[in-house]
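*Asks:* Dropping the sequence and predicted coords here.
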Amino acid sequence: MERHFRLGPWLVKPSLNIAVRNGTTSRLTPKAMEVLVCLAEHAGEPVSKEKLIEEVWPQTFVGDDALKGLVAEIRRVLEDDAKQPRIIETIVKRGYRLVAPIEWVDGKPDTSAEQVQPETVRGPLAPKRKFQMAGWAILASALLLLLLGAWNLAKVRNSLRPKDSAQIHSIAVLPLRNLSADPNQEYLCDGLTDGLITDLAQIGSLKVISHTSTMQYKDTKKSLPDIARELNVDGIIEGTVQRSGDRVRITAQLIHGPTDRHVWANTYEKDIGELFALERDVTEDITRQVRSRLNTPQGLPTQPKPVDVKALESYLQGQYHLERYGEGGGDEELGSAAASFQQAIDHDPKMAAAYVGLVHAHSSLMWPSPADAEIVGRAAQKAVDLDPQSADALVALGGVKCGRDGDFHGAEEDYRRAIAAGPNNALAHGALSGLLFDLGRNDEALREAQIAQELDPTSDNLRDAMYRLGDVDHAIAIAEATLQANPNDGFLHHGLYRYYATKGMYKEAAQHAEKVFALFGDPERAARIHKALVTSGPQAGIRQFVMEMEKLVVAKRGYFPVNIAVGYTILGDRDRAFHWLEEAYKHRDLQRMALDISLTDLNSDPILVLLRSDSRYKDLVRRVGLPQ
């Protein structure tokens, strides 16, 4: 029977790694729960650090700091105070003691020979028990001598050593948890998580899951085996970050995900100005743990140099705002991100990562300006000049060449250089896939999309690839399955609008079009689309959707001319479709910065290719620079 226990006001459920109080559930990491259970099984008694470490990390060398980090996590989750403990008391230089009242809900813990109290073995049965133990010891010694006579000592050791089933060829870094007293330090945790992923991603023989896919597990209650299965990885890295003044401490541990087996743990501490060096220390240790499991030795980036603390703070704040934008924030988040990245550059003009951040902050805007386009072009080139081996910088520059300059050959070179520099960079594989589709090299494009999807399982690479290949049913199946887990994702609904429209399923297309405006915070426009759909039919609903987009462009609240052209193509109005395609070409510097379908998709979007028989289409394809 599963053992739960009450600890003061908390009901602790070890199998679920949770503690519940007044209907509120808090989660502990598996190793922290193991520490808590060990203390609970010896409630009221001092438990040495050595015993706790042996219980939680058997046959693994772990320093005291790792244990301290877990105890700190327990105290934070259970709202305990180390100075005035109500749950866990620190026994200086010895260990810890559980001082809170405990009640085992499903029965007290099993009592083994080691846990039996002295008075239990007193009386007439005690000598017999001692004799049995001595007999077993003699028999074990005899068997060992026989083994030593049959095999040499090295073979015996190998036979007695547990087989290592924790093969690790792929890793996911879960979002590091904030143990700082200041909740505003969350940006630091996110930045360090992203930094570790970036460093590990440069190990070519190790598959590393993208940051965008692992961030969904922030504060998750899912078990590590479930996460490992969903991300299709062997290894999972989880840990904590604690900042005190200018000192930063990271506690990290490597877990064999499918079995929830602990492999390694350690704690690191440096000044915040040496944050990149701190990341490298963690990366090097993790690499050493998995190196024997990799097919070929791999190097790491060059030794990072100390950075300006103010520049680093601003950079991490910028990354934090970009993350919030990805979770549904608007242009305001991008504006905050851009300001933070510019501050980082002002403090340290040689920080290549800040220039890459600036590119992202001035892209995917609702209403871009010529200044945004100019900033993106300069920042992408500057990032590559400062760090020619930065995969992210090369992808950014490739995007500029492809979208603004029509230099598809140069863009492909940059994307391939990015993949060579960062084989695990999902963004690079995805960008190359999109370009290859635009150039009509579908087989190559599909391979890159598959790699990108494997590295970033929550991304749209594979469904978009299926759509471009004309397998619309497959694209719909992927999107609908994804929608079950993310029903409020407006981008998914927009994709389904296009997919269903391609199949002539206009009612379903209009229903998803309505959802797009509702989820992007414009219920009045969504209501008008719904009214047109109900009163005049599916195509009327689609027409209303297209008209609402046109109104936004006129009001300078959004710029998506290719999306409007797609809508008019669905409706069979070629003249209006070409009007908006020409608008996109005329302002292509702005269009590539906007939250719009790319003009370079003319040859690969199944809806836009319906215009192929029109001479205007061929002329536009020629001017954009795409293959005829």
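*Replies:* All right, it came through fine. Numbers count the residues shown, from 1 in each chain.
*Asks:* ok, Ala337 to Leu358 distance?
*Replies:* Using C-beta to C-beta, to the nearest Å, one obtains 9 Å as the distance from Ala337 to Leu358. Bear in mind the C-beta positions are built from the backbone N, C-alpha and C, glycine included.
*Asks:* How about Ala481?
*Replies:* Separation of Ala481 from Leu358 (C-beta to C-beta): 36 Å.
*Asks:* Between those two, which is the more surrounded one?
*Replies:* Taking neighbours as other C-beta atoms under 10 Å, Ala481 and Leu358 compare with Leu358 leading, 26 against 10.
*Asks:* What residue spans form the domains of the protein?
*Replies:* What automatic domain parsing lists as the domains of the chain is 5-114, 172-297.
*Asks:* Just name the most buried of those domains.
*Replies:* Compared across the domains of the chain, domain 172-297 shows the largest average neighbour count, a mean of 19 (mean count of other C-beta atoms under 10 Å).
*Asks:* Find out how far that domain is from the centre of the chain, if you would.
*Replies:* 10 Å (C-alpha atoms, centre = their mean, to the nearest Å).
*Asks:* One more: stretch 557-575?
*Replies:* Going by C-alpha atoms, centre = their mean, the spacing between the C-alpha centre of stretch 557-575 and its chain's C-alpha centre is 34 Å.
*Asks:* which residues touch that stretch?
*Replies:* 366-368, 498, 501, 506, 509, 539, 542-543, 545-546, 549-550, 552-553, 576-581, 583-584, 587, 590-591, 594-599, 601, 605, 607-608, 610-611, 614 (C-beta atoms under 8 Å, 6 or more residues apart in numbering).
*Asks:* Show the buried residues in the residues you listed.
*Replies:* Among these, those classed as buried by 16 or more other C-beta atoms under 10 Å are 366-368, 498, 501, 506, 509, 539, 542-543, 545-546, 549-550, 552-553, 576-578, 580-581, 583-584, 587, 590-591, 594-599, 601, 605, 607-608, 610-611.
*Asks:* Strands - which of these land there?
*Replies:* Using DSSP state E, no member of the buried ones among the contacts of stretch 557-575 falls in strands.
*Asks:* before we move on, back to that, got JSON lines for the domains of the chain, with distance to Asp438 and mean pLDDT too?
*Replies:* Shown next, in JSON lines, are these (distance: least, C-beta to C-beta, whole Å; pLDDT from 0 to 100):
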{"stretch": "domain 5-114", "distance to Asp438": "44", "mean pLDDT": "79"}
{"stretch": "domain 172-297", "distance to Asp438": "22", "mean pLDDT": "80"}
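*Asks:* Looking at those domains, spot the one closest to Leu626.
*Replies:* Among these, the nearest to Leu626 by C-beta to C-beta is domain 172-297 (28.5 Å).
*Asks:* so Lys68, which of the three states?
*Replies:* Here Lys68 is recorded as helix under DSSP: H, G, I helix; E, B strand; the rest coil.
*Asks:* Kindly report the same for Tyr315.
*Replies:* helix.
*Asks:* how about the strands in the protein?
*Replies:* Secondary structure of the chain (DSSP E): strands at 5-7, 10-13, 18-21, 24-27, 47-48, 88-91, 95-98, 102-104, 170-173, 177-178, 207-208, 235-244, 247-256, 261-271.
*Asks:* quick one: which of these is nearest Asp392?
*Replies:* Among those, if distance is taken as C-beta to C-beta, the winner is strand 207-208, at 14.1 Å.
*Asks:* Summarise which helices and strands that closest one is packed against.
*Replies:* If contacts are counted by 3 or more C-beta pairs under 8 Å, 6 or more residues apart in numbering; DSSP states H and E, strand 207-208 sits against strand 170-173, helix 442-455.
*Asks:* Which of those has the highest mean neighbour count?
*Replies:* A comparison of these by mean neighbour count, using mean count of other C-beta under 10 Å, puts strand 170-173 on top with a mean of 26.
*Asks:* Bridging across strands, which residues link to Asp271?
*Replies:* Note on Asp271: beta-bridge partners by DSSP bridges are Arg247.
*Asks:* how far away is it from Val384?
*Replies:* 30 Å.
*Asks:* picking up where we left off before, out of the contacts of stretch 557-575, which are inside helices?
*Replies:* Among these, DSSP state H puts 498, 501, 506, 509, 539, 542-543, 545-546, 549-550, 552-553, 576-581, 583-584, 590-591 in helices.
*Asks:* hang on, the earlier thing: can you tell which of the helices and strands packed on strand 207-208 is closest to Leu224?
*Replies:* So among the helices and strands packed on strand 207-208, strand 170-173 is nearest, using C-beta to C-beta, at 9.8 Å.
*Asks:* Quickly run through the sheet partners of that closest one, with directions.
*Replies:* Strand pairing for strand 170-173, determined by DSSP bridges: strand 207-208 (parallel), strand 235-244 (parallel).
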